[in-house]
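In: Predicted structure and sequence below. I'll ask about it afterward.
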Amino acid sequence: MSTRLGLEAWLIGTPDELTAALDALTHTGHTVETTHPEPLTGADTGRHRIYLRLSIPTRPGHTPPGAGAVIDLHTRRRTA
């Protein structure tokens, strides 16, 4: 049985950098959620940020500490 890890990350970069990062990361597992790019301001003008959640399979027979199913973040926020 394969265990899946839930990975959450904010990606920050130029539109081309974000596209490349998303292409690489989404090939590692199942995309659970992504947000639309949010433009940054000030010293980061021209860069954007994206929130990304992935469900990533681990290698067979390996169960990392704290591994479990990806939570339903929207439900968790409503009930917290």
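Out: Yep, it's here.

In: which residues in this protein form strands?
Out: If DSSP state E is used as the criterion, the strands of the chain fall at 4-13, 30-34, 38-39, 48-57.

In: Could I get those strands in TSV, plus columns for mean pLDDT, distance to Thr79 and mean neighbour count?
Out: (Glycine included, C-beta is placed from N, CA and C.) Below are those laid out as TSV (pLDDT from 0 to 100; distance: least, C-beta to C-beta, whole Å; neighbours: other C-beta atoms under 10 Å):
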stretch	mean pLDDT	distance to Thr79	mean neighbour count
strand 4-13	86	18	15
strand 30-34	86	18	14
strand 38-39	96	26	12
strand 48-57	89	18	16
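
In: Any chance of CSV for the ones you listed, columns distance to Asp23?
Out: Formatted as CSV, the strands of the chain follow (distance: least, C-beta to C-beta, whole Å):
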stretch, distance to Asp23
strand 4-13, 12
strand 30-34, 11
strand 38-39, 19
strand 48-57, 12
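
In: Just give the nearest non-adjacent residue to His48, would you?
Out: Leaving out its chain neighbours, the residue that sits closest to His48 by C-beta to C-beta, 6 or more residues apart in numbering is Pro37, at 3.9 Å.

In: ok, now Thr45?
Out: Among residues not flanking Thr45 along the chain, Pro39 sits closest, at 7.9 Å (C-beta to C-beta, 6+ apart).

In: from what I can see that neighbour touches Leu18, true?
Out: No - the pair Pro39 / Leu18 is not scored as a contact, 11.4 Å apart, by C-beta atoms under 8 Å.

In: quick one: contacts for the residue nearest to Arg49 when sequence neighbours are not counted?
Out: Distances taken as C-beta to C-beta, 6+ apart place Ile12 nearest to Arg49, at 4.6 Å, with adjacent residues excluded. Taking C-beta atoms under 8 Å, 6 or more residues apart in numbering as the criterion, Ile12 is in contact with 40, 44, 47-49.

In: Kindly recompute the last result at 10 Å.
Out: Contacts of Ile12 were listed using C-beta atoms under 10 Å, 6 or more residues apart in numbering, and they are 18, 21, 37-38, 40, 44, 47-50.
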